[in-house]
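1. mind looking at a prediction? Sequence and model below.
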Amino acid sequence: MTIRTRKGVEDRVVQDALARATDGVFTVSANGTIALWNPAAMSIMGFSAQEAAGELSCRLFVRADGGDHLCYRGCHGMAPLRIANAVHNFDVHTRTKAGRPVWLNVDALGVPGVNGRGGIVIHLFRDVTKMKALLRLVEERLLAPIPRGETGSLTRREREILRLLTSGLNTRAVAERLHVSPATVRNHVQKILDKLGVHSRLEAVAYAHSNRLT
């Protein structure tokens, strides 16, 4: 399997670099079939270089719900001249050979051939499934509705203590400011945590900021 430069000659330096890349790499010829498939691509997707060679990329990157389709008429894989000299980045939700759903972040670069013929598209991709899941978890947490009645059940003293905590004061400093004992402050803090449904002062402060309680 070879990669041809703009001059139409085999470029072993580029070919070897792509083969050793830690990202998955595959190239698509002008006829839409895969010409190079590196070891990282095999590790991520499960298809060997022999299985990938000569295949249409859309047969290996089967679309799963929620992502862009890697191949379609006039897409990145089929039109190298159309995307020449610009790196296109997109996410694809697909499945591995074993059927495991996976999110891939893909960079595609079209490389024209000689006189507009024989061009290729170089694709570099990496598995971002865990990152997608983490971002979804954070988004769900941030957009979670505020429980009704809980914030309103804080007493005036508890709101005052919460406000002091958000300003960065520790237990002793809060106690001195309010002229009470540290034990009294700790009791109030525990009630605040229970009412807000959080497990630490840090969470209580973050909750107060996000829900404008101070």
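-> Great, that's in hand. From a predicted model like this one, the values you see are computed outputs, not experimental measurements. Numbers count the residues shown, from 1 in each chain.
2. tell me the domain ranges of this structure?
-> Split into domains by automatic domain parsing, the chain comes to 12-128, 148-210.
3. biggest strand in this structure by residues?
-> strand 101-111 (DSSP state E).
4. who are the packing partners of it?
-> helix 39-45, strand 87-95, strand 120-127, helix 129-142 (3 or more CB pairs under 8 Å, 6 or more residues apart in numbering; DSSP states H and E). Any C-beta I mention is one placed from the backbone N, CA and C, and that applies to glycine too.
5. which of these sits closest to residue 62?
-> The closest of those to residue 62 is strand 87-95. By CB to CB, the value is 5.3 Å.
6. host element of residue 30?
-> Residue 30 belongs to no helix or strand when elements are defined using DSSP states H and E.
7. skipping adjacent residues, who's closest to it in space?
-> residue 119 (5.3 Å; CB to CB, 6 or more residues apart in numbering).
8. go on, residue 48?
-> residue 42 (5.6 Å).
9. and that neighbour, what pLDDT?
-> Here, the pLDDT recorded for residue 42 equals 96.
10. count of neighbours near it?
-> A total of 18 residues lie near residue 42 under the criterion other CB atoms under 10 Å.
11. and if you look at the one 4 residues further on?
-> The number of residues packed near residue 46 is 16, by other CB under 10 Å.
12. return the most buried member of the domains of the chain.
-> Of the domains of the chain, the one with the most neighbours on average (mean count of other CB atoms under 10 Å) is domain 12-128, at a mean of 17.
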